[in-house]
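Chemist: Predicted coordinates and the sequence they were generated for:
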Amino acid sequence: MNLFAHFQGVVLTAVEALVAQGKLPKALDLSKLTAEPPRDAAHGDVSTNAAMVLAKPAGMNPRAVAELLLPLLSQDADIASVTIAGPGFINFKLKDAFWPRVLQAAFDQAERFGSSTMGQNEKVNVEYVSANPTGPLHVGHCRGAVFGDALAALLSFSGYNVTKEYYMNDAGGQVNVLAESVYLRYREALGETITEIPAGLYPGDYLKPVGEALAKEHGKALLTRNDWLPIVREKAISMMMDMIRDDLAALHIKQEVFFSEKSLQTSGAVASAIAQLRKSGDVYEGRLPPPKGEVNEDWEDREQTLFRSTPYGDDVDRALLKSDGSYTYFASDVAYSANKIARGFKQLIYVLGADHGGYVKRLQAVAAALGGKGAVSVDAKLCQLVKLYRNGEPVRMSKRAGEFVTLREVVDEVGSDVVRFMMLYRKNEAPLDFDFAKVTEQSKDNPVFYVQYAHARICSVLRNAEASEQDSKGQIDFNLLTDEAEKALILRIAAFPRVVEAAALSHEPHRISFYLYDLASDFHSLWNKGKELPQLRFILQDQDNLTLTRLAFLRVIRYCLANGLGILGVEPASEM
RNA sequence: GCGCCCGUAGCUCAGCUGGAUCAGAGCAUCAGACUACGAAUCUGAGGGUCAGAGGUUCGAAUCCUUUCGGGCGCGCCA
């Protein structure tokens, strides 16, 4: 349970009662009314802005509104005292008996603590990675991959019905280039000497196994057939996708749907999606102004088939057909959007690289045109670049020379957990520095270890308790936890559901990471306090009830840590 | 020229979608805490015009306008 949501309900009920009594006007806008933890704990446990939000529409001053609410709120069984503060905040101090119940509820929920039904099973599509199937994933794909995966887990934990999806760009010119590159490797596998890969083709060694596989499968047959290209292409794409799935598996990422762009074209889905837009008047034949920015020699003014996206908020209308009559990439995306909408998704989330920023508006425009305004929400999460460092020195990568750090190399070197946590320890739109030395460092400087260490410490205590059979005597009574450091932890734990909800609503998994860091910090603090004050230690001889209670408390903290890490896709460590 | 993102402590970044003497954390610097359930930790100190300027209102780091500075993108590539 999210206690702040609970008390928001309590406040709303009180407001409605006042409206019913005619003390407040009807039809008030209550959407901005919140109940949240006060910035400063000294102000109380829960704070609401009700009086200030209602003051203006009610034509009263905030403190007068607060005075009306005060007696009603005081009646609540969980509220010990209500005070009016500052410009009109209403602060609750909760009864001491309330917190043990929060802990008990968390303890009972265990692995589900923090989860909710907020999403009401709404269908959400999270599309991420979607790298071209022309080679292994490189480090640039890492961030989006982890981000998308964590966001999907977060939404799922919050009660949404999530589909994790990968869009395979298997229809464009790039896969033909791939096929030509592989064809060379095929000839090489048959004994021919290939001295140089022509410019424009993919030089990587990772294509050699594809050539060999083709040689094994077809022998020399493809040398003489002039329809070799589609055969080679399909094989290459299939093997590249296997490789990519392998790379993702190394990060513990498993997507359910791998959607083929080509299937949209061959099935006629593109044509019918365009027809649908044409019917609603969103497609026309026309001309576009030349692009600004750097001068393009090839620019020619011509009439073309365009999607009228500007009424939906885009900057310019978008071309659907190339000059040779084939579909643009965007045309496929129109069909793909239509397909997602037809599958019943209410939210389409795209995890993209920052260089795709210019693409967002047209995706939103398409969804609005196809689904009706507001029917389907489109959120594009743009992930900024990851800068690699090694001991403070930037890692040089030259795409032209084919030198790029692969995702697999990074994961192999530092491990999936570290990669995942670090990628999520920043807002997605902030650039991220990733230093191989720093992220594996075992110190407080490294948030992964800091959080893991807290979890490991808890596990260690529980192991000790079990070994000395101190975990089986006495009774749990959360009322026994009265120290300030314990109270700080309880407040932190109580905030977890709210943090998860907020992160899910804003599509910001990094909030979980920061929360976990804070939680770990509170825990380490309590731990060290127990060094100076032995009665604060977790295991106490001859105090069975207190010991058992503290062990249960540790378990709740551990659920919090483990559930949070679970959202991030990081395995909690029981030892380090 | 236009669009999107960013600008917070010396450095790297949070800031709960407009809240309260609120400007925060970590690193770095300085000073402290292990015969101890794991010191890979903890406690404290100094450090700021939230890039600048206007505006919106009870209230702005947060929203709007504008200037400056940085990143990304700008038919028929995907």
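Modeler: Cool, got the structure. Numbering: from 1, shown residues only, chains lettered A, B, ... in the order given.

Chemist: Quick one: residues contacting the residue positioned nearest the centre of chain A.
Modeler: Closest residue to the average C-alpha location of chain A: A:Leu151 at 2.1 Å, with CA atoms, centre = their mean. For A:Leu151, the contacting residues are A:Val126, A:Tyr128, A:Ile349, A:Val351, A:Lys381, A:His507, A:Pro509, taking CB atoms under 8 Å, 6 or more residues apart in numbering as the criterion. (Glycine included, C-beta is placed from N, CA and C.)

Chemist: Run a quick neighbour tally on A:Met322.
Modeler: Careful, residue A:322 is Lys; it's not Met. Residues contacting A:Lys322 under the criterion other CB atoms under 10 Å number 13.

Chemist: Just give me the neighbour total for the closest residue to it other than its chain neighbours.
Modeler: When the adjacent residues along the chain are set aside, A:Lys322 lies closest to A:Thr328, with 5.7 Å between them (CB to CB, 6 or more residues apart in numbering). Other residues within reach of A:Thr328 by the criterion other CB under 10 Å amount to 18.

Chemist: Check A:Ser116 too.
Modeler: Counted with other CB under 10 Å, the neighbours of A:Ser116 add up to 18.

Chemist: what do you get for A:Phe4?
Modeler: Neighbour count of A:Phe4, defined by other CB under 10 Å: 22.

Chemist: Repeat that for the one 4 residues further on.
Modeler: Other residues near A:Gln8 number 19, with proximity taken as other CB under 10 Å.

Chemist: For the stretch 251-400 of chain A, which residues score under the pLDDT cut-off?
Modeler: When residues are selected by pLDDT under 70, those of the stretch 251-400 of chain A lie in A:293-296, A:397-400.

Chemist: What parts of it come near RNA strand B?
Modeler: A:261, A:287-288, A:290-294, A:296, A:298-302, A:304, A:315-316, A:318-319, A:322-324, A:326, A:328-330, A:354-361, A:382, A:384-385 (CB under 7 Å from any atom of the strand).

Chemist: what's near enough to touch the residue nearest to A:Lys322?
Modeler: Contacts were defined as CB under 8 Å, 6+ apart; by that measure A:Thr328 touches A:Arg318, A:Ala319, A:Leu320, A:Leu321, A:Lys322.

Chemist: Quick one: residues contacting the second one.
Modeler: Meaning A:Ala319. Shown here is A:Ala319, whose contacts under the criterion CB under 8 Å, 6+ apart are A:Leu288, A:Gln304, A:Thr305, A:Leu306, A:Phe307, A:Thr328, A:Phe330.

Chemist: Am I right that the fourth one is in contact with A:Gly286?
Modeler: Yes. When contacts are counted by CB atoms under 8 Å, A:Leu306 is listed as touching A:Gly286 (5.3 Å).

Chemist: Overlap in contacts, the two.
Modeler: Between them, A:Leu306 and A:Gly286 share these contacting residues under CB under 8 Å, 6+ apart: A:Asp317.

Chemist: Looking at those two, which is more packed in?
Modeler: A direct count of neighbours by other CB under 10 Å for A:Leu306 and A:Gly286 places A:Leu306 higher, at 20 against 12.

Chemist: Assumed that one was part of a strand.
Modeler: Yes. Secondary structure of A:Leu306 (DSSP: H, G, I helix; E, B strand; the rest coil): part of a strand.

Chemist: can you tell me how far the residue nearest to it when sequence neighbours are not counted sits from A:Tyr284?
Modeler: Distance criterion CB to CB, 6+ apart; nearest residue to A:Leu306, sequence neighbours excluded, is A:Asp317 at 4.4 Å. Summarising the geometry, the distance separating A:Asp317 from A:Tyr284, computed by CB to CB, to the nearest Å, is 8 Å.

Chemist: Repeat that for A:Val11.
Modeler: When A:Val11 is compared with A:Tyr284 (using CB to CB), they lie 52 Å apart.

Chemist: In terms of neighbours, single out the busier of the two.
Modeler: When neighbours are counted by other CB under 10 Å, A:Val11 and A:Tyr284 differ, and A:Val11 comes out ahead with 24 against 14.

Chemist: Would you map the helices across the stretch 1-150 of chain A?
Modeler: Shown for the stretch 1-150 of chain A, the helices assigned by DSSP state H, counting those that start in this stretch span residues A:3-20, A:50-58, A:62-74, A:98-109, A:139-157.

Chemist: Can you tell me which of those helices is nearest to RNA strand B?
Modeler: Between RNA strand B and the helices of the stretch 1-150 of chain A, the tightest spacing by CB to the nearest atom of the strand is seen for helix A:50-58, at 3.6 Å.

Chemist: Quick check: which helices or strands does that closest one pack against?
Modeler: Packed against helix A:50-58 by the contact rule (3 or more CB pairs under 8 Å, 6 or more residues apart in numbering; DSSP states H and E) you find helix A:3-20, helix A:62-74, strand A:89-94.

Chemist: Kindly compare burial across these and name the winner.
Modeler: The highest mean neighbour count among the helices and strands packed on helix A:50-58 belongs to strand A:89-94 (a mean of 21), with neighbours defined as mean count of other CB atoms under 10 Å.

Chemist: which residues touch it?
Modeler: Surrounding strand A:89-94, the residues in contact under the criterion CB under 8 Å, 6+ apart are A:7, A:11, A:38, A:43-52, A:66, A:69-70, A:73, A:78-85.

Chemist: swap in stretch A:411-421?
Modeler: Everything outside stretch A:411-421 that qualifies as a contact, by CB under 8 Å, 6+ apart, is A:142, A:146, A:150, A:247, A:250-252, A:410, A:436, A:439-440, A:447-448, A:451-452, A:513, A:568-571.
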